[in-house]
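Engineer: Sequence unavailable; structure follows:
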C-alpha cells in the first residue's frame with residue numbers, strides 16, 4: 001500500500017457532474033481501493049458525504065486550501081500581481097515563466113502536508129496543479145510524480161482559438177502551454193492520457209528523458225448507469241454536457257443551427273433536451289426561444305433524461321481525450337450519433353455508434369435511428385456490451401493501480 005497525495009484543482013468535485021469531475025472522482029476511488037490517499041481540493045470538506053451513490057472510502061482524507069494563500073509583507077506594499085510573482089519564484093527557486101495561482105493557493109496546506117507526511121506518489125490533475133511539482137520535488141525527491149492529462153491542452157486551446165478572433169494574449173497562452181507540455185520531464189516522472197492518440201502526441205514532444213506513460217481512458221460506473229432494457233418509441237434527442245466549455249458550446253450551436261432543423265423538417269414532433277449547467281451564455285438566448293429545444297440546466301441525475309429520450313448526440317467539432325458523454329449514453333441504453341471528432345480517442349466497434357460530420361448526414365443518422373426501431377435496439381445493445389467489456393471504472397481503476405505498481409518496480 002502506497003501513501004498518495006492527489007491534487008485536484010476543482011471547486012465542484014462532489015457530487016461529480018461533468019466529465020472532468022467524474023474522471024477525477026472515479027480515479028480517486030480506484031486509488032483508495034489499494035492505497036491511502038490524501039486529497040487537496042478547493043471544494044469545502046463539509047460538502048463531501050460518506051454515504052449515498054457517490055461516496056469516498058474512509059482511507060481518503062480531504063484537505064482544503066480555500067482562502068489559504070501565502071501572506072507576505074510584500075502584499076502590503078506592492079500590487080498583488082507583482083507580489084504573487086515574487087513569492088512564486090521564491091517557492092520554485094526559478095525565474096522562468098509567469099506565477100502560477102494554483103501553487104500559491106495550495107501552498108500553505110501543501111507545505112503542512114509535505115512537512116508532516118511522507119508520500120510515495122503525488123498525482124496532479126491537469127497542468128495547472130502540476131505547476132507545484134518543482135516545489136514538491138525539493139521536499140520529496142524520491143516520490144513518483146504523475147500527471148493525469150485530461151487533454152493535450154495546447155492543441156485544444158489552438159482549436160478553440162480558431163472559433164474566435166485570435167488575440168496576442170491567446171497566442172502567448174498557447175505557446176506557453178505547448179512549452180510546458182513539451183517539457184514534462186522537468187516536472188514529473190510519468191503521465192497517464194485518456195487516449196492512445198493523446199499519449200502518442202505527448203510522447204512525441206517529450207523525446208528527451210525517461211518519461212513513463214500509459215493510457216487510462218475515461219469510463220462509466222455501470223452500477224450508477226444501469227441499462228434500460230425496454231426503450232419506448234419516441235422522438236427525443238438528448239445532448240448532455242457542461243456548456244461552459246468551448247467544445248460543448250460550439251458543438252451544440254452547430255447542431256441546433258445546422259442539424260436539428262433538418263430533423264424537425266422530416267419529423268416535426270422531434271425535440272432536443274439539453275442537460276448541463278452553463279446555459280446562461282448569451283449564445284443560447286436565441287435557442288431558448290425556439291420550439292422543440294429544452295434547457296434543463298444542472299440536474300441531480302442525468303439518468304432519467306437519458307431514459308426519456310431516444311437518441312444521444314455528441315456533435316463536437318473540436319476537443320481531445322475521450323467523451324464520457326458517449327460512454328455514459330451507451331451504458332444507459334441510448335443509441336449515439338457523433339461527429340468523428342466527438343468519437344475520437346476510442347475505437348468503437350462497428351455497429352455501436354453512427355458517425356457523421358456533415359449536417360445532412362448527421363440528421364440522416366438521427367432519423368434512421370428514430371424510424372428504425374430494430375436498428376436502434378441492435379445498436380444500443382452492442383454499445384452497452386462494449387462499455388461493459390472495456391470501460392467500467394472497476395477495470396480502468398485496476399489499470400491505474402497496476403501502472404503505479406509498475407513505476408514502483410520500474411517495470412514499465
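Structural biologist: Done, it's in. Computed from a predicted structure; not experimentally measured.
Engineer: that's a strand at residue 12, yeah?
Structural biologist: No - Residue 12: not assigned to a strand; according to DSSP: H, G, I helix; E, B strand; the rest coil it is coil.
Engineer: Quick one: neighbours of it, just the number.
Structural biologist: 17 (other CB atoms under 10 Å). In this view, the C-beta of every residue, glycine as well, is placed from N, C-alpha and C.
Engineer: wait, doesn't it sit right on residue 21?
Structural biologist: Yes - contact criterion CB atoms under 8 Å: residue 12 and residue 21 qualify, at 6.4 Å.
Engineer: and stretch 186-206, how far apart are its ends?
Structural biologist: 10 Å (CA to CA, to the nearest Å).
Engineer: How far off centre is that stretch?
Structural biologist: 16 Å (CA atoms, centre = their mean, to the nearest Å).
Engineer: Return the set of buried residues in that stretch.
Structural biologist: Of all the residues in stretch 186-206, those buried under the rule 16 or more other CB atoms under 10 Å are 187-195, 197-199, 201-202, 206.
Engineer: Which members of the residues you listed occur in helices, if any?
Structural biologist: Mapping those onto helices (DSSP state H) picks out 197, 198, 199, 201, 202.
Engineer: can you give me the strands for the stretch 201-350 of the chain?
Structural biologist: Taking DSSP state E, counting those that start in this stretch to define them, one finds strands in the stretch 201-350 of the chain at 212-215, 236-240, 271-275, 293-297, 311-314, 336-338.
Engineer: quick one: which of these is nearest residue 16?
Structural biologist: Among these, strand 236-240 comes nearest to residue 16, with 13.6 Å by CB to CB.
Engineer: Can you give me the buried ones in stretch 238-253?
Structural biologist: 238-243, 245-253.
Engineer: Kindly reformat the strands of the stretch 201-350 of the chain as JSON lines containing mean pLDDT.
Structural biologist: Shown next, in JSON lines, are the strands of the stretch 201-350 of the chain (pLDDT from 0 to 100):
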{"stretch": "strand 212-215", "mean pLDDT": "96"}
{"stretch": "strand 236-240", "mean pLDDT": "96"}
{"stretch": "strand 271-275", "mean pLDDT": "96"}
{"stretch": "strand 293-297", "mean pLDDT": "93"}
{"stretch": "strand 311-314", "mean pLDDT": "97"}
{"stretch": "strand 336-338", "mean pLDDT": "98"}
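Engineer: Export these to JSON lines and append columns for distance to residue 393.
Structural biologist: Output for the strands of the stretch 201-350 of the chain, formatted as JSON lines (distance: least, CB to CB, whole Å):
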{"stretch": "strand 212-215", "distance to residue 393": "15"}
{"stretch": "strand 236-240", "distance to residue 393": "18"}
{"stretch": "strand 271-275", "distance to residue 393": "21"}
{"stretch": "strand 293-297", "distance to residue 393": "25"}
{"stretch": "strand 311-314", "distance to residue 393": "20"}
{"stretch": "strand 336-338", "distance to residue 393": "19"}
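Engineer: domain ranges for this protein?
Structural biologist: For the chain, the domain assignment from automatic domain parsing gives the residue ranges 3-150+182-219+393-409, 236-390.
Engineer: Can you get me the start-to-end distance on the last one?
Structural biologist: It refers to domain 236-390. End-to-end span of domain 236-390 (CA to CA): 28 Å.
Engineer: Equivalent analysis for the longest one, please.
Structural biologist: Counting by CA to CA, you get 16 Å between the two ends of domain 3-150+182-219+393-409.
Engineer: Give me the pLDDT value at residue 409.
Structural biologist: What the model reports for residue 409 is a pLDDT of 79.
Engineer: Okay, it and residue 402: tell me how far apart.
Structural biologist: Taking CB to CB, to the nearest Å as the measure, residue 409 falls 11 Å from residue 402.
Engineer: Compare these two (neighbour count), which wins?
Structural biologist: Applying other CB under 10 Å to residue 409 and residue 402 shows that residue 402 carries more neighbours, namely 14 against 7.
Engineer: Name the helix or strand for the more buried one, please.
Structural biologist: Following DSSP states H and E, one finds residue 402 within helix 393-409.
Engineer: Can you give the contact residues for that helix?
Structural biologist: Residues outside helix 393-409 that contact it (CB atoms under 8 Å, 6 or more residues apart in numbering) are 2, 26-27, 29-31, 33-35, 120-121, 144, 146, 189-190, 192, 212, 214, 216-222, 411-412.
Engineer: can you check stretch 138-147 too?
Structural biologist: With CB under 8 Å, 6+ apart as the contact definition, stretch 138-147 has outside contacts at 93, 114-115, 118-124, 127, 130, 133, 136-137, 184, 187-192, 404, 407-408.
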